[in-house]
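J.: Predicted model and sequence follow; I will ask about them next.
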Amino acid sequence: MENNQNSNESNDNIFKSADSSISNGFQKVDSSDKKTKSTNSYYSGKSKSGFAKNIVLPFVTGALGATLALGICVKVPSINEKIFTSENFKSGNTTSIIKTSNGSVSSTVNLSEYSNTAISVANKVLPSVVSIEIEYSVSSPSFYGYGFGSGSGRDSNTSTATASGSGVIITSDGYILTNNHVVNEESTSSYYQVSTANKISVHLYNDDKAYEATIVGTDDVTDLAILKIDAKDLTAAELGDSSKVTVGEFAMAVGNPLEMDNTVTAGIISALNREITDADNTSYKLIQTDAAINAGNSGGALVNADGKVIGINTLKLSGDAVEGIGFAIPINDTLEIIDQLITYNKVKRPYLGISGSDVSEESSKYYEIPQGILVNSVEEKGPADVAGMKKGDIITKIDDKIVTSMTELTKEKNNHKIGDTVSITVYRNGKNKKLTLKLGENPD
């Protein structure tokens, strides 16, 4: 308010001053014709001088400068070529300048090509992505027809439930890659029992026929599965190299979300090597994307700007405060699993031959023992037994790498192959002991 008042006062003074000058001028006119003419001549001359100085001179100077600059651009060949005949000028490219710690880097983006990227990618990938429908048997106990009670009247009701997911065609003769949790969701509780899939139907792009699929093999460790349908000359997806994926690059998720077949959503790669632990305490290193992933997208493709599959969509974060956080298994991590599932119908992994439980930090302090894995049992004649491991040992290291949980031990073990020799450190009777163990094959 204080500033406004000062401004108003200043304006008033200006207006007052102007009024005073005009008044004096009029007074001069009134008192003498000669003085009036002289006075009017003075004011008129001052106005002309201000107009020339403040308007005409800058205009003329600016016009001359613009003409000179245009003349230079036209007459100097190198400048003329850069501005008027360059490919950027002809094609409508946009050049962006990115400032870095090492200086500025310019990059050219063709807007017309960029706008068509999603269209070309979708056209390439959609024929290689399928929708999957699964039927399960769900058994629930019935007590005297009311669903509760006890005694000999207990019975069981069985109903059929359905679920949906997505898959990626990996061979022209009908092998399809998907998530294990899409086709192998067996679970049991006090109230119900869900069987493995009774029937799996696959729908191809632009094909109304339902193809019955068989499960070739599943792997709950990597959450991958292979299906097979009786079909030929299918469009197999082109697999990319997930090790070359970079944060910020184009990404498209293709699948069957919420039973909406042939849906594509686009975004970018948000992060790499995100370590995520699911509800079953299984850890994965995944690609993070903001391309929308919803229920039913599982098993579908995450592709790059070349239409190459760089990941298999598998998880998403959900909640009121969560948006645009989905995850895909890097395609490079699936290659060996695919080969083993097709060849052996399972994944062969190295085997220790023990059961164990984690020694927590609290237990470690209370019992004055190291953190690690307490060996609860040792399989007779198994790899651990042959190496001299005993019940009650605490495993603290594998190949000199500290492990504090069964999850960490399993992860390190799976970095080796069947037949590899590893060094395992155990804590026994207050002393550390190193054992040499040859990894066996995990039995069925």
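T.: Noted; the coordinates are in hand.
J.: Surely Asp393 and Thr425 touch.
T.: No - Asp393 lies out of contact with Thr425 (Cβ atoms under 8 Å); the separation is 9.8 Å. Where C-beta positions appear, they are placed from N, C-alpha and C, glycine not excepted.
J.: Which one's more surrounded, the two?
T.: The neighbour comparison of Asp393 against Thr425 (other Cβ atoms under 10 Å) goes to Asp393, with 24 against 21.
J.: Next up, the contacts around that one.
T.: Counting by Cβ atoms under 8 Å, 6 or more residues apart in numbering, Asp393 touches Leu374, Val375, Val426, Tyr427, Arg428.
J.: Sort out for me which of those are in strands.
T.: With DSSP state E as the criterion, strands contain Leu374, Val375, Val426, Tyr427, Arg428 from among the contacts of Asp393.
J.: Buried only: go through the residues you listed for me.
T.: Buried residues within the ones in strands among the contacts of Asp393, counting neighbours by 16 or more other Cβ atoms under 10 Å: Leu374, Val375, Val426, Tyr427.
J.: Tell me the one among these nearest to Glu212.
T.: Nearest to Glu212 among these, counting by Cβ to Cβ, is Val375 at 45.8 Å.
J.: per the record, what domains does this protein have?
T.: Following automatic domain parsing, the chain resolves into domains at 2-67, 120-344, 350-441.
J.: I'd like the average pLDDT over the shortest one.
T.: Within the predicted structure, the mean pLDDT of domain 2-67 is 46.
J.: repeat for stretch 165-179
T.: Averaging pLDDT along stretch 165-179 yields 97.
J.: could I have that stretch exported to PDB, CA atoms only?
T.: C-alpha atoms of stretch 165-179 as PDB (Å, rounded to 0.1, in the frame of the first residue of the first chain):
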ATOM      1  CA  GLY A 165      -2.000 -62.900 -19.100                       C
ATOM      2  CA  SER A 166       0.300 -62.300 -22.000                       C
ATOM      3  CA  GLY A 167       3.100 -64.100 -23.900                       C
ATOM      4  CA  VAL A 168       5.800 -63.600 -26.500                       C
ATOM      5  CA  ILE A 169       6.200 -65.900 -29.500                       C
ATOM      6  CA  ILE A 170       9.900 -66.900 -29.600                       C
ATOM      7  CA  THR A 171       9.800 -69.400 -32.500                       C
ATOM      8  CA  SER A 172       7.800 -69.600 -35.600                       C
ATOM      9  CA  ASP A 173       6.600 -73.200 -34.700                       C
ATOM     10  CA  GLY A 174       4.700 -72.100 -31.600                       C
ATOM     11  CA  TYR A 175       7.000 -71.800 -28.500                       C
ATOM     12  CA  ILE A 176       5.800 -69.000 -26.300                       C
ATOM     13  CA  LEU A 177       7.600 -67.300 -23.400                       C
ATOM     14  CA  THR A 178       5.600 -66.000 -20.500                       C
ATOM     15  CA  ASN A 179       5.700 -65.600 -16.700                       C
END
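J.: quick one: buried residues of that stretch?
T.: Gly165, Ser166, Gly167, Val168, Ile169, Ile170, Gly174, Tyr175, Ile176, Leu177, Thr178, Asn179.
J.: Helices of the stretch 151-300 of the chain, start to end?
T.: Ranges of helices in the stretch 151-300 of the chain, per DSSP state H, counting those that start in this stretch, are 180-183.
J.: how about low-confidence regions in it?
T.: Where the stretch 151-300 of the chain drops to pLDDT under 70, the residues are 151-156, 185-196.
J.: and if we set it to 80?
T.: By pLDDT under 80, the low-scoring segments of the stretch 151-300 of the chain are 151-158, 185-197, 278-282.
J.: In TSV: the buried residues of stretch 165-179, plus distance to Ile229.
T.: Shown next, in TSV, are those (distance: Cβ to Cβ, whole Å):
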residue	distance to Ile229
Gly165	15
Ser166	14
Gly167	10
Val168	13
Ile169	9
Ile170	12
Gly174	4
Tyr175	9
Ile176	7
Leu177	12
Thr178	12
Asn179	17
